[in-house]
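>>> need coordinates for the below:
(chains A, B, C and D)
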There are 2 protein chains.
Amino acid sequence: MSRFLSNATNRIDAKGRVSVPSAFRSVLAQRNVQELYCFQDFVFPAISIGGPDLLERFERQIAAEDPFSPDANEMSLLIHGGGVFMKLDAEGRLMVTDFIRGFTGISDEVTFVGRADHFQLWQPQAFVAAQAQARGERKLAGKRS
Amino acid sequence: MSRFLSNATNRIDAKGRVSVPSAFRSVLAQRNVQELYCFQDFVFPAISIGGPDLLERFERQIAAEDPFSPDANEMSLLIHGGGVFMKLDAEGRLMVTDFIRGFTGISDEVTFVGRADHFQLWQPQAFVAAQAQARGERKLAGKRS
DNA sequence: GCGTATCCCATTGACGCCCATATGGTCCCA
DNA sequence: TGGGACCATATGGGCGTCAATGGGATACGC
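So this is what the prediction gives:
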């Protein structure tokens, strides 16, 4: 059972490219994903990335609602207006565009974060902060394991 | 009924590897665990390690909630973004990656701590400190074993 | 035509796989 | 009961492979 797991931080080179971790590329290859659907995450300052199936799932969800509802409208604004298709180069690298930089605050390093069916791009410090906060909230709530 | 029990401290070699105590490896073998799921613990500065079933248990817990709830999202950030699969080499050793070092403060020695259905990696001093504190709290609370 | 992105090739450093050594404990036998 | 052979575990290191990164050159779009 393969999924996107773990996190790793890679450097952006002089041309603005960054290597996608090989573990993630394996998952993509296994799922026959050629084109990547990237969108600005709904809750975190991160870019979420998955295959075209991810977009299709969102679209089905919209279709399930009244197409004129404010909710469906809003959803489309986010997943269509806030999404792009990208692809990797021959070495498995990704161009870090202004689309990504602006939304995440990424400048010279990228943290890749696995999220089971997709993965995310984070500004390194923002990721550790978000993780620490999530952990802190669970601790305060008295939850365990 | 076999479980992970006791603790032991092993040295990290020049290549950054450490031997998993043989008692723990026996338990893993008995449970047919080939791949190890390792994640950054929710409450301690330690890495918790178990079989893939551990991850699946977490995922079932997430699936039980609304997939778009902040809580489920937060949980995924921890168990997917804060978790990795690793495997032992032929001699039963584990690579101590930056993923582990950064979170635990481990540098040249690792304390393995049994936790029944999983085990943990600690920075040796941090472990004795946490244990001492737990003991102190129980004493103050007047609890008996 | 110039800036930007894509393709291709080179480098290097890390990790996985393999074999070798040491150290400590146990068991057997005299 | 003491000595020694044997075994298992922990540890050290060589070497090949692959991933991450850097950089030149070419194609493309504004």
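>>> where does the prediction get shaky in chain A?
A:1, A:139-145 (pLDDT under 70).
>>> which positions in it make contact with DNA strand C?
Contact residues (CB under 7 Å from any atom of the strand) of chain A with DNA strand C: A:Lys15, A:Gly16, A:Arg17, A:Asp89, A:Ala90, A:Glu91, A:Met95, A:Thr97. Just so you know, the C-beta spots here come from the backbone N, C-alpha and C atoms, and that holds for glycine as well.
>>> which of these are close to DNA strand D?
The subset of those within reach of DNA strand D, by CB under 7 Å from any atom of the strand, is A:Lys15, A:Glu91.
>>> for the residues of chain A next to DNA strand C, give me CSV that also has secondary structure.
Converted to CSV, those look like this (DSSP: H, G, I helix; E, B strand; the rest coil):
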residue, secondary structure
A:Lys15, coil
A:Gly16, coil
A:Arg17, strand
A:Asp89, coil
A:Ala90, coil
A:Glu91, coil
A:Met95, strand
A:Thr97, coil
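>>> list only buried entries from the residues of chain A next to DNA strand C.
Taking 16 or more other CB atoms under 10 Å in any protein chain shown as the criterion, what is buried in the residues of chain A next to DNA strand C is A:Arg17.
>>> now, which of the residues of chain A next to DNA strand C sits nearest B:Val33?
Within those, distances to B:Val33 taken as CB to CB reach their minimum at A:Glu91, with 34.1 Å.
>>> for whichever residue of chain A sits closest to chain B, what are its contacts?
The nearest approach of chain A to chain B comes at A:Ser6, 3.7 Å away (CB to the nearest CB). By CB atoms under 8 Å, 6 or more residues apart in numbering or on different chains, the contact set of A:Ser6 is A:Ala23, A:Gly114, B:Gly81, B:Gly83, B:Val84, B:Phe85, B:Phe99.
>>> could you give the backbone dihedrals for the first one?
Comment: the main-chain dihedrals of A:Ala23 come out as phi -60, psi -40, following degrees, to the nearest 10.
>>> pretty sure it contacts A:Leu5?
Yes. Shown here, A:Ala23 and A:Leu5 form a contact pair, counting by CB atoms under 8 Å, at 7.4 Å.
>>> okay, these two: which has more neighbours?
Looking at A:Ala23 and A:Leu5 with other CB atoms under 10 Å in any protein chain shown, you find the greater number of neighbours at A:Leu5, namely 24 against 17.
>>> quick one, strands of chain A?
Remark: strands of chain A, listed N- to C-terminal, are A:7-11, A:17-19, A:36-40, A:47-50, A:83-86, A:93-95, A:109-114, A:119-122; assignment by DSSP state E.
>>> sheet-wise, list the partners of the fourth one with their directions.
Right, the one you point to is strand A:47-50. strand A:36-40 (antiparallel), strand A:119-122 (antiparallel) (DSSP bridges).
>>> what does the first one give?
Sheet pairing here is set by DSSP bridges, and for strand A:7-11 it gives strand A:109-114 (antiparallel).
>>> the partner strand close to DNA strand D?
No. Judged by CB under 7 Å from any atom of the strand, strand A:109-114 makes no contact with DNA strand D; its nearest approach is 8.2 Å.
>>> could you measure from the nearest residue to A:Ser2 once chain neighbours are set aside over to DNA strand D?
Here the nearest residue to A:Ser2 in space, its sequence neighbours aside, is A:Val27; by CB to CB, 6 or more residues apart in numbering or on different chains that works out to 5.2 Å. Plainly put, A:Val27 is 13 Å away from DNA strand D if you go by CB to the nearest atom of the strand, to the nearest Å.
>>> what's the answer for A:Gly82, then?
Using CB to the nearest atom of the strand, one gets 21 Å for the distance from A:Gly82 to DNA strand D.
>>> spit out the contact partners of that residue.
Contacts for A:Gly82 (CB under 8 Å, 6+ apart) come out as A:Phe39, A:Gln40.
>>> any idea how far it is from A:Ile47?
Separation of A:Gly82 from A:Ile47 (CB to CB, to the nearest Å) stands at 10 Å.
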